[in-house]
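**Student:** Requesting a structural model of the entry that follows:
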Amino acid sequence: MLETFDVLIVGAGHGGAQTAIALRSNGFAGSVALVGDEAELPYERPPLSKEYLSGEKPFERIQIRPAAYWAEKEITLILGQRVVAVAPADHTVTLADGTCRGYRHLVWAAGGDPRKLSCAGAGLAGVHAVRNRADVDAILADLLQAERIVVIGGGYIGLEAAAVLSKLGKQVVLLEALPRVLARVAGEVLSRFFEAEHRAHCIDIRTGAAVTALHGEARVSGVELASGEIVPADMVIVGIGIVPCTEPLLAAGARGANGVAVDAQCRTSLPDVFALGDCAAHQNRFAEGGEIRLESVQNANDMAMVVAKTICGQEAHYSATPWFWSNQYDLKLQTVGLSAGHDQAILRGDPAGRSFSVVYLKQGRVIALDCVNHVRDYSHGRRLVELGVIADQGMIEDTAVQLKQLIPG
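**Tutor:** Here you go, the predicted model:
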């Protein structure tokens, strides 16, 4: 007999786990199941490249809830399984082991898989991603005999991993194909600041460095650049983004391309199927062009709350303000809004003091802030972004003026 759940959640990361938690906290009494492709209880992903990699936090401390919680709330965990097909007409999914499960509501929170290098040698031993616990455990095992580490990718994951590896005493080279690190998510001032910080910690950061091949027999021994140089490597960590896990939904007829398209309630174009988190493309008033995929914990959690309330019959719609954070060394970067498409970046404070903000404007309106060790600017700046305040450059630059003074009313 086909086992059927009132809500079947695919993906046991932040979004999936939060959906199950929110269903119960909103009084949902029906059956709930959580399908995860790892054999682990749901856990937090951001610490993987920071506290878990550094050894500051054991795995138990990054679990979202202890094992007893899931049993107490009668949430069925189907772990170590991946959904490979969806049959929307039958309201069923097929798992990798060939078994099927039925659903009344399907919530797709499958996230994404690490984007792989397409060059020769990408499959050599010693080449790692940073996406799940197994990835980081494999890195930690390799670190016992690896001294020269090459990190490919100058986004948050690459920079965070490089910072931890540097603190562990490893020789680190970080390669970024674009002219600066964080080029897709931040302005030049912030990029140059973090490049200088990492170099001060003896990390060899190389921008404009395209990788053409990895060298080695069974195990990686070097990274070849477009210049022809081969950078020696005992280990390579690849952090070049993710590919959203959407194939089963798109194959079933869901609308989408770079992610599954969802409406304000996170519904897909398939009946009784929701999607959220890293794999969901949604309309966002803060995004240039409107539709966007946001890869962040806050986005996954906010969408999960909307889905849970909608299933429970409550009125809800997604309208959250995007925010992000990154910890590197003793630096806490907090970002609010989306800076893509800005036409002006105003520096507030002195980067040399290691506490400053960059305020991004578009046609005079505040659209985003990057705040380094400056919680007050982040807190007040959030409201400026939400209101789209037209702000005077001189007042923004003047650190004697608190940003809350620019909030109307």
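**Student:** At which residues are the helices of the stretch 101-250 of the chain located?
**Tutor:** For the stretch 101-250 of the chain, the helices defined by DSSP state H, counting those that start in this stretch occupy 133-142, 156-167, 188-200, 247-251.
**Student:** Just the mean pLDDT for the next helix or strand after the last one, thanks.
**Tutor:** As assigned by DSSP states H and E, the chain's next helix or strand after helix 247-251 is strand 256-257. Strand 256-257 carries an average pLDDT of 92.
**Student:** Packing partners of strand 256-257?
**Tutor:** Packing partners of strand 256-257 (3 or more C-beta pairs under 8 Å, 6 or more residues apart in numbering; DSSP states H and E): none among the helices and strands. In this view, the C-beta of every residue, glycine as well, is placed from N, C-alpha and C.
**Student:** after it, next one along is what?
**Tutor:** Once strand 256-257 ends, the next helix or strand along the chain (criterion: DSSP H and E) is strand 259-261.
**Student:** Would you mind pulling the contact partners of that following strand?
**Tutor:** 108, 244, 246, 249-250, 254-255, 268-269, 275, 278-282, 291, 293 (C-beta atoms under 8 Å, 6 or more residues apart in numbering).
**Student:** For the buried ones among the residues you listed, write the corresponding ChimeraX selection.
**Tutor:** Selection of buried members from these for ChimeraX, criterion 16 or more other C-beta atoms under 10 Å:
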select :108,244,246,249,250,254,268,269,275,278,279,280,281,282,293
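**Student:** Where do the helices of the stretch 301-409 of the chain begin and end?
**Tutor:** If DSSP H, counting those that start in this stretch is used as the criterion, the helices of the stretch 301-409 of the chain fall at 375-387, 393-397.
**Student:** so can I have TSV of these showing mean neighbour count, mean pLDDT and distance to residue 180?
**Tutor:** Formatted as TSV, the helices of the stretch 301-409 of the chain follow (neighbours: other C-beta atoms under 10 Å; pLDDT from 0 to 100; distance: least, C-beta to C-beta, whole Å):
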stretch	mean neighbour count	mean pLDDT	distance to residue 180
helix 375-387	19	96	23
helix 393-397	14	94	23
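**Student:** Skip the chain neighbours and tell me the closest residue to residue 214.
**Tutor:** Once flanking residues are discounted, residue 214 sits nearest to residue 121: 3.0 Å by C-beta to C-beta, 6 or more residues apart in numbering.
**Student:** Go ahead and confirm that neighbour touches residue 218.
**Tutor:** No: between residue 121 and residue 218 there is no contact under C-beta atoms under 8 Å: 11.0 Å.
**Student:** Between those two, tell me which one has more neighbours.
**Tutor:** Neighbour count, other C-beta atoms under 10 Å: between residue 121 and residue 218, residue 121 has more, with 19 against 8.
**Student:** Tell me the spacing between the more buried one and residue 222.
**Tutor:** Going from residue 121 to residue 222 by C-beta to C-beta, to the nearest Å gives 9 Å.
**Student:** which residues are in contact with both of the two?
**Tutor:** Residues touching both residue 121 and residue 222 (C-beta under 8 Å, 6+ apart): 214-216.
**Student:** so where do the strands sit in the stretch 201-350 of the chain?
**Tutor:** Along the stretch 201-350 of the chain, the segments classed as strands by DSSP state E, counting those that start in this stretch run 204-207, 211-216, 220-225, 230-232, 235-238, 242-244, 256-257, 259-261, 273-275, 280-283, 291-293, 323-328, 331-337, 344-350.
**Student:** residues in contact with the shortest one?
**Tutor:** Outside strand 256-257, the residues within contact range by C-beta under 8 Å, 6+ apart are 246, 249-250, 268, 281.
**Student:** same thing with the fourth one?
**Tutor:** Where contact means C-beta under 8 Å, 6+ apart, the residues beyond strand 230-232 that reach it are 148, 150, 173, 175, 215, 221-225.
**Student:** Give me the buried positions along that strand.
**Tutor:** By neighbour count with 16+ other C-beta under 10 Å, strand 230-232 contains the buried residues residue 231.
**Student:** still on that earlier bit, closest to residue 39 out of the helices of the stretch 301-409 of the chain?
**Tutor:** Closest approach to residue 39 among the helices of the stretch 301-409 of the chain (C-beta to C-beta): helix 375-387, 37.4 Å.
**Student:** who touches residue 32 in this structure?
**Tutor:** Residue 32 makes contact with 5-7, 9, 20, 23-24, 74-76, according to C-beta under 8 Å, 6+ apart.
**Student:** Pull out the buried residues from the residues you listed.
**Tutor:** Listed as buried from those are 5-7, 9, 20, 23-24, 75-76; burial here means 16+ other C-beta under 10 Å.
**Student:** Mind pulling up the pLDDT for the residue nearest to residue 214?
**Tutor:** The model reports residue 121 with a pLDDT of 96.
**Student:** before we move on, what about residue 286?
**Tutor:** With respect to pLDDT, residue 286 has a value of 88.
**Student:** who's in contact with the closest residue to it other than its chain neighbours?
**Tutor:** Computed as C-beta to C-beta, 6+ apart, the closest residue to residue 286 that is not its neighbour in sequence is residue 338, at 5.0 Å. By C-beta under 8 Å, 6+ apart, the contact list for residue 338 reads 284, 286-288, 292, 322, 367-368.
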